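A.B. asks: Make a model of this:
(3 chains)
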Amino acid sequence: MNCKNRLPKEFFMQPTLKVAKNLLGKILVRRDAGEEIRAIITETEAYRGPNDKASHASRRITPRNKIMFGPAGHAYIYLIYGLHYCLNIVTERENYPAAVLIRGVKIAGPAAGGKILNGPGKLTKFLNIDKSLNGENIFKSHNLWLENCHYQNHRAYVNKGTRIGVDYAGEWAKKQWRFFIDL
DNA sequence: CGCGGGATTGACT
DNA sequence: GTCAATCCCGCGT
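C.D. replies: All right, here's what the predicted structure looks like:
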């Protein structure tokens, strides 16, 4: 697999919905215990701005969500339901809270290649991603980063739908801010 | 300082 | 379809 080029900061400075769509087909890389695992991103969700009632940042900056207010390209990781970790990548400018949640991947490479991980908690468990990586700079990190690799199925049709698990968000729950591809 | 709930998952009826 | 697991954190007192 000859794709060592990381996605640049400009990629994450773009509008969050665009980043969420463009992350589909890109490669999430996790290096753990000297081993690199590559995962093709197949499902994402956008959480955007201070008014998005589905977002953790809809009220104000707090110790938990402060990463979302920081610079683009950092990992925002939190524990949900006391059981599972969710991985997000921060987008747009500083002080504007926005991020893309990685909801699904397909494992690449010979080991577990082809394995489907549909669900934000499943992929973090498989890739051993927890809160120790919260705030990680994905442009510099040796443990977690994103690569631009042109897989042949890259241009698969992008499906969209409402975000999962945000029924409490009123009108914001109706936004079609979930994106996914079939690989 | 206590209380309630969550950007989920898997097991079970 | 229902429901429990499990704990951090945001918010109100």
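
A.B. asks: shaky segments in chain A?
C.D. replies: Within chain A, the stretches with pLDDT under 70 are A:1-4, A:150-155.

A.B. asks: buried sites along the longest strand along it?
C.D. replies: With residue count as the measure and DSSP state E as the assignment, chain A has strand A:35-48 as its longest strand. Buried residues in strand A:35-48, counted by 16 or more other C-beta atoms under 10 Å: A:Ile37, A:Arg38, A:Ala39, A:Ile40, A:Ile41, A:Thr42, A:Glu43, A:Thr44, A:Glu45, A:Ala46, A:Tyr47, A:Arg48. (Glycine included, C-beta is placed from N, CA and C.)

A.B. asks: what about the helices in chain A?
C.D. replies: When assigned using DSSP state H, the helices of chain A occupy the ranges A:9-13, A:16-22, A:120-126.

A.B. asks: So which elements touch the second one?
C.D. replies: Secondary structure elements in contact with helix A:16-22, counted by 3 or more C-beta pairs under 8 Å, 6 or more residues apart in numbering; DSSP states H and E, are helix A:9-13, strand A:35-48, strand A:98-107.

A.B. asks: Distance to DNA strand B added to those, as CSV?
C.D. replies: Listed next are the helices and strands packed on helix A:16-22 as CSV, based on distance: least, C-beta to the nearest atom of the strand, whole Å:
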stretch, distance to DNA strand B
helix A:9-13, 14
strand A:35-48, 4
strand A:98-107, 3
